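Peer 1: Need a 3D model of the following:
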Amino acid sequence: MNSGRDGAATESLDLVEVVDRAASIEEAVFLLRDMLGLTHVTFHMSVSGVAPLDYPFVKTTYPPEWISRYVLHGYFSLDPVVRKGFSTDRPFAWHELSLDEREQEFMADSRAHGIGPQGYSIPIIDRAFRRSLLSLSADMALDGWTAFIQGHALAAAQAGQILHRRVMEELSLDAQPRAGLAPREIECLFWTARGKDAKAIAAILDLSEYTVRGYLRAARQKLLCRTLSQAVAKAVQQRIINP
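Peer 2: Down below sits the predicted model:
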């Protein structure tokens, strides 16, 4: 009989093999949902590497009705899962999110349309600092969901890495790092290009203003620029950011 650890390792291998061998990314997402017994699975990649809405690649098992509603109501700019997922490098459960009133309404609307009361998202960042987000949702009580995540988080994270790699290959994207910039340095440059100052960027990324200024200074130095505006222009020119 397999121990718990052996069973988890076997499940991880099975999930990785199924995701890797699927005929398409879309098929892989549906297979992942079915193998884990989930309500829905969504894989969302930011092709530009910074903002989740810049050249997005999305495959999901969400019903067409919810996808249409999501687009019609402009939920992409309100979705707290996407906001959190593209500003952190740590997995998170949806019930742990700090939500304002509008975000609470959005989450209630998603639940009303069958997305599931529980969710868990896994951020993925590659060597070129491109980001993706694998999100799982299910119709479970919180206690059962917590136990489920504890048992399946590793397998899901490995499957997410495979999905990320497959999308990179499908889109023929270069996975090499550019200018040695760290993910946070690129993010801070991106928001600077969008006209945000250090204080506003700090609020967006949940960092201190001092930390943001440090990232911007490091980015400017790595790009061999004397001013921040020159660094932003160079980052755009080299397609490190796409404001």
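
Peer 1: name the helices or strands packed onto whatever helix or strand A231 lives in?
Peer 2: When elements are assigned from DSSP states H and E, A231 belongs to helix 228-237. Under the contact criterion of 3 or more CB pairs under 8 Å, 6 or more residues apart in numbering; DSSP states H and E, helix 228-237 touches helix 183-193, helix 209-222. For the C-beta atoms, the positions are set from N, CA and C on the backbone; glycine is no exception.

Peer 1: which stretch among those helices comes nearest M45?
Peer 2: helix 183-193 (14.3 Å; CB to CB).

Peer 1: tell me the angle of that closest one relative to helix 228-237?
Peer 2: Counting by axes from the mean of the first three to the mean of the last three CA atoms, to 10 degrees, helix 183-193 lies at 110 degrees to helix 228-237.

Peer 1: Return helix 183-193 as CSV; C-alpha atoms alone will do.
Peer 2: Provided in CSV are the C-alpha atoms of helix 183-193 (Å, rounded to 0.1, in the frame of the first residue of the first chain):
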residue,chain,number,x,y,z
PRO,A,183,9.9,40.8,-11.7
ARG,A,184,9.2,43.6,-9.3
GLU,A,185,11.6,45.9,-11.1
ILE,A,186,9.7,45.2,-14.3
GLU,A,187,6.3,45.8,-12.6
CYS,A,188,7.4,49.1,-11.2
LEU,A,189,8.7,50.2,-14.6
PHE,A,190,5.4,49.2,-16.1
TRP,A,191,3.3,51.3,-13.7
THR,A,192,5.7,54.2,-14.1
ALA,A,193,5.1,54.0,-17.8
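
Peer 1: which secondary structure elements does the following helix or strand past that helix contact?
Peer 2: Downstream of helix 183-193, the next assigned helix or strand under DSSP H and E is helix 198-205. Counting contacts by 3+ CB pairs under 8 Å, 6+ apart, helix 198-205 packs against helix 183-193, helix 209-222.

Peer 1: got these as JSON lines, with mean neighbour count and mean pLDDT columns?
Peer 2: Converted to JSON lines, these look like this (neighbours: other CB atoms under 10 Å; pLDDT from 0 to 100):
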{"stretch": "helix 183-193", "mean neighbour count": "24", "mean pLDDT": "90"}
{"stretch": "helix 209-222", "mean neighbour count": "18", "mean pLDDT": "94"}
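
Peer 1: export those helices to TSV and tack on distance to I162?
Peer 2: Below are the helices and strands packed on helix 198-205 laid out as TSV (distance: least, CB to CB, whole Å):
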stretch	distance to I162
helix 183-193	20
helix 209-222	30
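
Peer 1: which other residues reach the helix holding A231?
Peer 2: The contact list for helix 228-237, computed with CB atoms under 8 Å, 6 or more residues apart in numbering, reads 179, 181, 186, 189, 192-193, 216, 219-220, 223, 225, 241-243.

Peer 1: which of those lies closest to D126?
Peer 2: Comparing those against D126 with CB to CB places I186 closest, at 12.3 Å.

Peer 1: Quick check: the gap between that closest one and L223.
Peer 2: 11 Å (CB to CB, to the nearest Å).

Peer 1: Show the average pLDDT along the lengthiest helix in the chain.
Peer 2: Identified as the longest helix of the chain according to DSSP state H is helix 142-170. Helix 142-170 comes out with an average pLDDT of 92.

Peer 1: Then stretch 111-121?
Peer 2: Average pLDDT, stretch 111-121: 94.

Peer 1: what comes up buried for that stretch?
Peer 2: Buried residues in stretch 111-121, counted by 16 or more other CB atoms under 10 Å: 115-121.

Peer 1: In terms of distance to M35, which of the residues you listed ranks first?
Peer 2: For the buried residues of stretch 111-121, the residue nearest M35 by CB to CB is Y120; the value is 15.4 Å.

Peer 1: who does the one helix or strand the closest one maps to touch, helix- and strand-wise?
Peer 2: Secondary structure assignment for Y120, by DSSP H and E: strand 118-125. In terms of contacts (3+ CB pairs under 8 Å, 6+ apart), strand 118-125 is packed against helix 80-85, strand 92-93, strand 131-138, helix 142-170.
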